[in-house]
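Undergrad: sequence and predicted structure below; questions after.
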Amino acid sequence: MAERIVKLVSMGCGEEDLTDQARKALDEADCLIGSDRLLQRVPACPQVPRLRAVRGEEIRNMLRASEGKSPCVLLSGDGGFYSAAAGLLPLLEQEKISFEIVPGVSSLQAFAARLCQNWQGWNLYSAHGRDCDPVAAVCEGKPAFFLTGGTLGSAELCALLDRAGLGELQVDVGENLSCEDERLYRGTAAECAKMSFAPLSVLLVQPAPRYPKRTPGIPDEEFLRDQVPMTKQEVRTAILAKLAVEPDDLCWDIGAGTGSVSVELALQSRAVWAVEREKKALGLLEENRKRFGAWNLRIQAGEAPEALESLPAPDKVFIGGNGGNLKGILDVVNAINPRARVCISAIALETLQTALDTLETLGYETEVVQIAVSRARKAGELHLLMAHNPVFLITGGRP
């Protein structure tokens, strides 16, 4: 007796995209399982049972109960690209159900073909029923392709870009690819944000202008500063090292000042929230944000800790200014994410002591380093070292 093999059939974008391999699998099927939309696309086979299911557990249970020898599970697009197959395969493996994936034409492939472009250089994202940050995506230096759907359609994604100051980015939208009402649209993110698109849409956004990738430690003179205090280059470099910033981190910069640390964090991480209370500093913070293309940097005006309570949970937190509220700030950080790594800068011994006492009371492992920077300045034919204030960096984290 032939072994029962479940075929996971990728249905492509439409009837014309169905591969010969997929057609053969459907012709030989004795049971079809999938969403209503996909079941309707299969050529009429009245004698073959059609079972509606979209969740992995539902599909597994139907396969358990089915006596069919050649069941087919229908997948939209290609089974290897943000497909229901990702959740289904572990369930089939647990049940020791043999399966085979039949590849198909994804909306990504179809869209690139319509635009006459190569897609191997695009970054690929899905906003279909999952969290997605388009601002962070377009800051990666490559065109960003999005599957859309649910609450984040093409217009909604473009509205987020427009709000971040990226309304002039070129976007392409593909609606209902391979269907009779297929439509392609090209414009700016700001224009797209005011339009409406079909639920079955894909979006391509060109990369945002950005400061060139480099190691942390942008020269001080590149920042706009005026009379607002600014963390110096050497100290900024140490702060990012102590925080161990990673590309997927969400960071807070509390008491951001001119935004020099905020910008450095934004160039190394997924997103940054900069909290600042001084009006003059807020203006400089916004100017430096634009100057360096730190579009994934959001500015929160207000005084900590109250201004922190509405922010998304951080992975890394830098506290450069605390307005005498350091203990309250650390209490809020610990409450929102006790595993967040924290770095505090201090020039006063009292701030150092408060930071250590509070972090240790909250159960953090602590480390203290002192950084003393001197820079040479020419005096006639001589070079003299001019000292800056020594800075303490207090780092707190949990294993």
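TA: Sure thing, it's come through.
Undergrad: where's Val202, which helix or strand?
TA: If you go by DSSP states H and E, Val202 is part of strand 201-205.
Undergrad: which strands and helices sit next to that strand?
TA: helix 107-115, helix 134-138, strand 144-147, helix 154-163, strand 170-175 (3 or more CB pairs under 8 Å, 6 or more residues apart in numbering; DSSP states H and E). The way it works is simple: take the backbone N, C-alpha and C, and place the C-beta from them, glycine included.
Undergrad: could you give the angle of it to strand 170-175?
TA: 170 degrees (axes from the mean of the first three to the mean of the last three CA atoms, to 10 degrees).
Undergrad: can I get the helix or strand following strand 201-205 as CSV, trimmed to CA atoms?
TA: The helix or strand immediately downstream of strand 201-205 is helix 233-243, counting by DSSP H and E. The C-alpha coordinates for helix 233-243 follow below in CSV (Å, rounded to 0.1, in the frame of the first residue of the first chain):
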residue,chain,number,x,y,z
GLN,A,233,32.4,61.3,21.5
GLU,A,234,34.6,59.1,23.6
VAL,A,235,31.9,58.7,26.3
ARG,A,236,29.2,58.0,23.8
THR,A,237,31.3,55.2,22.4
ALA,A,238,31.7,53.7,25.9
ILE,A,239,27.9,54.0,26.6
LEU,A,240,27.0,52.0,23.5
ALA,A,241,29.6,49.4,24.4
LYS,A,242,28.3,49.1,28.0
LEU,A,243,24.7,48.8,26.8
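Undergrad: now the very next helix or strand once past helix 233-243: average pLDDT?
TA: Downstream of helix 233-243, the first helix or strand assigned by DSSP H and E is strand 250-254. For strand 250-254, mean pLDDT rounds to 98.
Undergrad: partners of strand 250-254 in the sheet?
TA: Strand 250-254 pairs in its sheet with strand 271-276 (parallel), strand 316-319 (parallel), by DSSP bridges.
Undergrad: let me have these in TSV, extended by distance to Phe146.
TA: Below are the strands paired with strand 250-254 laid out as TSV (distance: least, CB to CB, whole Å):
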stretch	distance to Phe146
strand 271-276	17
strand 316-319	26
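Undergrad: let me see the backbone angles for Cys139.
TA: With angles defined as degrees, to the nearest 10, Cys139 sits at phi -90, psi 0.
Undergrad: show me how this protein divides into domains.
TA: For the chain, the domain assignment from automatic domain parsing gives the residue ranges 6-105, 108-205, 220-397.
Undergrad: okay then, goodbye and thanks.
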